[in-house]
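Undergrad: fold the following and give me the result.
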Amino acid sequence: MRPGSRFLFAIATAQAFVLENRGRKTIAPITILNSLSPCENVCIDAEKAETLEDDTLSELTSSILDSKIGEVGTLSENALDRVFPLILTWSTAETADAAEAIESLLERLEREMENGNELVSLTNKHYTIAIDAWGKSGHQDAARRAENILEKMEKISKLNPAVAPTRVTYNALMNAHSKNGNVDRISELLGVMEDMPALSPITNDYNILLSAHAKLGEARKAELVVQRMVSRSQGSDQSCEPDLYSYNMLLDAWSRSKEPNRGKRAEAILDHLCRHSEFEWDIDVRTYSAAICAVVRSDEKNILERSERILAQAKSNGIDSDVYLESILLDAYASSDSPDAARRAEELLNKLDEEGVANTVTFNTVIKAWKNSNDPSAPFHAEKIVSRMKQLGIVDTISYSTLIAVHANTGDRESAERAEKIIDEMHAMDLAPDIQALNAERMEKGYYGGEVKVIPSVVSFTTLMNGWAKSNDPTSVEKTEEIFHKMMLMHKAGSVDVRPNSFTFVTMINCIVRSRQPGAAEKAERILFDMYDQYRRGNKDVKPNTKLVTAVIDCWQRSGERNAGERAEALLDWLIEVYTVDGDESLSPNEYSFTSAISAWAKTRKFGKALRARAVLAKMIQMHKSGAIKAAPNTHSYTAVINSCAYCENDTLEKRDALQIAIKTYKELENSEYGQPNNVTFSTLITALRHLMPASNKRDAAIKTIFHRCAEDGQVTDTILRRLKSTLSASQLQELVGIHAVSPDGQVYIDKVPDEWKRNVR
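TA: Residues are numbered from 1 along each chain as shown. So this is what the prediction gives:
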């Protein structure tokens, strides 16, 4: 009988004994293990080992671990001979329970040694298998558990050199950290190995670090690793030369990177590999696909042409383009701004369909290409593709959601109504429940088949909302609100797939804000507070941010409501409070938040509005100087305060205070570190002087002084000249800007004033 079969026979015999005596007080498993003759050079047939029942493995393991069955320190040689094969059998399971079992068996062997059992012989293989088991377990704490075992090995090896970690041990530990993306620890472990000749890392060890960098899109760091490998391999260590997997991981890193010019860098690496024929390996399909992915995701120019060039290069080098490689090319078509990209994508789809290799991903990608095409015929083509998918039985939620987006982009009532009908059609579908999401990661792993439940999701509804929001239909706000409230009701009724997310709320709020309807600001603010309330109650998918809150503040300043100033400032104060309490940078008030609140005061018709606007600016300056916020005042902030002064109520005291604030704010801006007056500032200040000062030589002199400074700064515009015309006489204008630039009736011509006066206008 072969050694592996002998152990499997022992397992089977023990299993039979356990089943026969289940419920009795018996020491059957350990007895059987002790009774069989030793197995030398035991090797486990992994395929057969995986067929063993988990319960059997657990009971056999328990029979060894349970000290009541045999006193610790008394396990026989026969039983000990079978512990290591049992550990090997557990190692094939790749689960947390298996890792726990292996570590427990290892600890039992350690206790046997501690209690004087001289038959126990532990080596680094026992511990390395335990580390490897944790690395493959998928447990969230796997890396820490593996580290603990390494620490134990290092301690024991001081007395027992046979337990000293080997290169394989470190490799297993790096794999454990790779699952968690802990690249710093992997790099540290490689450094330890490089410093110890006995542990000198080989190519596979470096590839673990490369794979970890690739998953995180850390392309620059991945390049440094490859350079490190090349440098070492050019010396005395030939065992760490980069291989095909190394370069594929490097290209993967660039494909996931956010670095500028990532597509170009990937192309350069691919060209380098193609030029060097001294490599002992040939470039494969994954090399080319990773390069195309990098180009497609780069947002660079000529994506389509470059992707097609790489595909042609692959074919010329004997690489057969498969469905995966051509699906990536389809993604290039979908990401391209070429006017005929969608048509070419559909032609490639037809070719793949004729070959019988087109799948849900390829069809959906072509629908996406039509969505991004801005072609007026996009809805027709997208509908036709979805119809083909229905006939093939491969239509899914992504298909319908993208089709809705195609109609939403059209922006007319007919398309919006069609999008609603698609939602109803999705409701009517009744297939097996397996909703899939299409993304780059899923596409790389292969879009697995099977029946798909087609149900309206939050994406479907939000896309439909966006379609109505973009339409020119007079009832667009009401239609968008109707869908929004329908989602809310469906979610409350138990439909988790339609729970509104941040995009849903943002679409709804922005639709209301853009409508300029009476009461829009009040409605938008109410939805914003509801959104934040849901976030505070634990729905992390609906977190508002500064941009959204500022949009509502801006809605107040455009509303024309009498209390717009108070409401806008109150919302700004709420944002400040939330940021102060939570410390969340995504809710930190910015310059637009403050400036919108100041502008809201400028547009109200209330006494004291100039003082209130100035107070908001003062608050912004104080918070910035104290470090409470990063946002600093700018020219627009100061100009908005001056604007609040320019149109104050027609009251003597009110106008006096407003004039003082306007002049103070202007002078402060002139001497501040936050900016300088621009053409809008000068125009607004001239308007303020005209409204706040009685007609007099003093007013004329003040306006002339401001204009001289404006011309000196190169900020003269036609608007400023019109402001002068409404204040000064024709003779005063001729004296100020030159007789050649002013007509007899006082009309000032911007094209006849010196270019130097206009040089800095933006």
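Undergrad: only C-alpha atoms from now on, for both contacts and neighbour counts.
TA: Fine.
Undergrad: how about low-confidence regions in the protein?
TA: Residues of the chain meeting the criterion pLDDT under 70: 1-55, 67-71, 236-237, 277-278, 321-323, 411, 427-457.
Undergrad: mind running it again at 50?
TA: Per-residue confidence for the chain (pLDDT under 50) gives these ranges: 1-52, 69, 430-455.
Undergrad: what about the helices in the stretch 601-750 of the chain?
TA: Under the criterion DSSP state H, counting those that start in this stretch, the stretch 601-750 of the chain carries helices at the ranges 609-626, 635-646, 652-670, 679-692, 697-712, 718-725, 730-737.
Undergrad: pick the most deeply packed of those.
TA: Looking across the helices of the stretch 601-750 of the chain with neighbours counted as mean count of other CA atoms under 10 Å, the highest average goes to helix 635-646: a mean of 27.
Undergrad: before we move on, the earlier item: for the helices of the stretch 601-750 of the chain, could you give me a markdown table that also reports distance to N204?
TA: Below are those laid out as a markdown table (distance: least, CA to CA, whole Å):
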| stretch | distance to N204 |
| --- | --- |
| helix 609-626 | 52 |
| helix 635-646 | 58 |
| helix 652-670 | 62 |
| helix 679-692 | 64 |
| helix 697-712 | 68 |
| helix 718-725 | 70 |
| helix 730-737 | 78 |
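Undergrad: show me what contacts A568?
TA: I553, D554, W556, Q557, S596, A597, A600 (CA atoms under 8 Å, 6 or more residues apart in numbering).
Undergrad: separation between it and E525?
TA: 10 Å (CA to CA, to the nearest Å).
Undergrad: any idea how far the helix or strand where L60 lies is from the chain center?
TA: Per DSSP states H and E, L60 falls inside helix 54-65. Distance of helix 54-65 from the chain centroid (CA atoms, centre = their mean, to the nearest Å) equals 44 Å.
Undergrad: find the nearest non-adjacent residue to A640, please.
TA: Ranked by CA to CA, 6 or more residues apart in numbering and with sequence neighbours excluded, the top spatial neighbour of A640 is S599, at 5.6 Å.
Undergrad: measure how whichever strand or helix holds A98 sits relative to helix 54-65, angle-wise.
TA: In the assignment (DSSP H and E), A98 maps to helix 96-114. Interaxial angle, helix 96-114 versus helix 54-65 (axes from the mean of the first three to the mean of the last three CA atoms, to 10 degrees): 20 degrees.
Undergrad: next, the buried residues of stretch 175-185.
TA: By 16 or more other CA atoms under 10 Å, the buried positions in stretch 175-185 come out as N175, A176, H177, S178, K179, N180, G181, N182, V183.
Undergrad: wait, doesn't the third one sit right on E188?
TA: If I follow you right, that is H177. No: in this structure H177 lies outside contact range of E188 using CA atoms under 8 Å: 11.2 Å.
Undergrad: rewinding a little: buried residues, the helix holding L60. List them.
TA: So, applying 16+ other CA under 10 Å, buried residues of helix 54-65: T56, L57, L60, T61, S62, S63, I64, L65.
Undergrad: do stretch 582-599 as well
TA: Judged by neighbour count using 16+ other CA under 10 Å, the buried positions of stretch 582-599 are 587-599.
Undergrad: go on, stretch 376-388?
TA: Buried-residue list, stretch 376-388, by 16+ other CA under 10 Å: A378, P379, H381, A382, E383, I385, V386.
Undergrad: let me see the contact set for the fifth one.
TA: E383 makes contacts with L403, as judged by CA under 8 Å, 6+ apart.
Undergrad: for it, give its distance to D284.
TA: Look at E383 and D284: by CA to CA, they are 37 Å apart.
Undergrad: okay, the buried residues of stretch 582-599 in TSV with distance to S515 and secondary structure next?
TA: Below are the buried residues of stretch 582-599 laid out as TSV (distance: CA to CA, whole Å; DSSP: H, G, I helix; E, B strand; the rest coil):
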residue	distance to S515	secondary structure
L587	25	helix
S588	26	coil
P589	24	coil
N590	24	coil
E591	24	helix
Y592	20	helix
S593	20	helix
F594	23	helix
T595	21	helix
S596	18	helix
A597	20	helix
I598	22	helix
S599	19	helix
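Undergrad: what's the most distant pair in the residues you listed?
TA: The two members of the buried residues of stretch 582-599 with the most space between them (CA to CA) are L587 and S599, at 20.6 Å.
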